[in-house]
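Q: let's see this in three dimensions:
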Amino acid sequence: MKIGVMVLEGPYQHQAVDSAINFTHAALARGHEIVGIFLYTDGVNNINKYINPPGERNISKALDDLGKQGIDIVACTACSKFRGMRPDLKVENVRQSGLGSLAEYLRAADRFVTFGD
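A: Coordinates of the predicted model:
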């Protein structure tokens, strides 16, 4: 099954991004394909490479690692601009793009899962 994912919450406030990351790993382990992860509204704050906490819960690194594995991860460009997320602040393996990428994920996915309010 082809699955698209969207995250609406920022890091360290809610479990949304953690749940999305864990969901993605579980789906891949079961043989599903992740067509992409779209970071929308406050979800774009999850890719700030300068939020680098000690310990095992480094969200930006976890998303960067998924990107390294070939998962297409997009942060909404407009949401990024409104929140001051410049391209030089983001992790390497996540790109910024518009709602056209979200539409493409929706078109390509058999199922689409949203994490956050």
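Q: which other helices and strands contact the helix or strand hosting F23?
A: If you go by DSSP states H and E, F23 is part of helix 16-29. Applying 3 or more Cβ pairs under 8 Å, 6 or more residues apart in numbering; DSSP states H and E, we find helix 16-29 packed against strand 2-7, strand 33-39, helix 59-68, strand 111-115. (C-beta placed from N, C-alpha, C; glycine too.)
Q: distance between the first one and the chain's centre?
A: Centroid separation for strand 2-7 versus its chain: 9 Å, with Cα atoms, centre = their mean, to the nearest Å.
Q: any idea of the mean pLDDT for that strand?
A: Throughout strand 2-7, pLDDT has a mean value of 98.
Q: do the same with the last one
A: Summarised as a single mean, pLDDT over strand 111-115 is 98.
Q: go on, the third one?
A: If you average the pLDDT over helix 59-68, you get 97.
Q: now swap in the second one and tell me
A: Per-residue pLDDT values across strand 33-39 average out to 98.
Q: the closest residue to S101 other than its chain neighbours: what secondary structure?
A: Among residues not flanking S101 along the chain, V74 sits closest, at 4.5 Å (Cβ to Cβ, 6 or more residues apart in numbering). What DSSP: H, G, I helix; E, B strand; the rest coil gives for V74 is strand.
Q: so what's V74 bridging to?
A: As for beta bridges, V74 partners with F38, R95 under DSSP bridges.
Q: test my guess that it contacts Y40.
A: No. The criterion here is Cβ atoms under 8 Å, and V74 misses it with Y40 at 9.2 Å.
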